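[1] Sequence plus predicted model, see below.
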Amino acid sequence: EGRRGCAIDSTVSGGAIISGSVVKKSLIFSEVRVHSFCTIEGAVILPGAIIGANAKIKKAIIDRSCIIPEGLEIGLDHEVDKANGFRVTKKGVVLVTRDMINAYLENQKNK
């Protein structure tokens, strides 16, 4: 109890694993791994992405094979998203690519 994966109003492809997290109104492609205690809403997670524990993702597109670090929040505060190097569209959708994540991690390491 408390660690059951749940997908509501979502499409989850075969081979995806949602482990103890909640996914709402999202599209999860194959070979995606969502670790425990995550909240994902209104997102498209492309094949091979890994979402670290305690991440929160809202209204975002996560590129294929991205590794989202533990606890990272995407789409909850667009100013923070821009400061982290992610692209925010005029309609408020956040785009995250592998290069953006690598730059984000490099910046975090240098702080």
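    Done, it's in.
[2] by contact count, what packs against the longest helix along the chain?
    If you go by DSSP state H, the chain has its longest helix at helix 98-110. With contacts defined as 3 or more CB pairs under 8 Å, 6 or more residues apart in numbering; DSSP states H and E, the packing partners of helix 98-110 are strand 67-68. No exception for glycine: its C-beta is placed from N, CA and C like everyone else's.
[3] how about the most centrally placed residue in the chain, secondary structure?
    Residue closest to the mean C-alpha point of the chain, counted by CA atoms, centre = their mean, is Ile57 at 4.8 Å. Of the three states, Ile57 takes strand under DSSP: H, G, I helix; E, B strand; the rest coil.
[4] give me every residue that touches it.
    Listed by CB atoms under 8 Å, 6 or more residues apart in numbering, the contact partners of Ile57 are Cys38, Thr39, Ile40, Glu41, Ala43, Ile45, Ile51, Ile68, Glu73, Ile74, Gly75.
[5] What about those residues, which are in helices?
    Using DSSP H, no member of these sits in helices.
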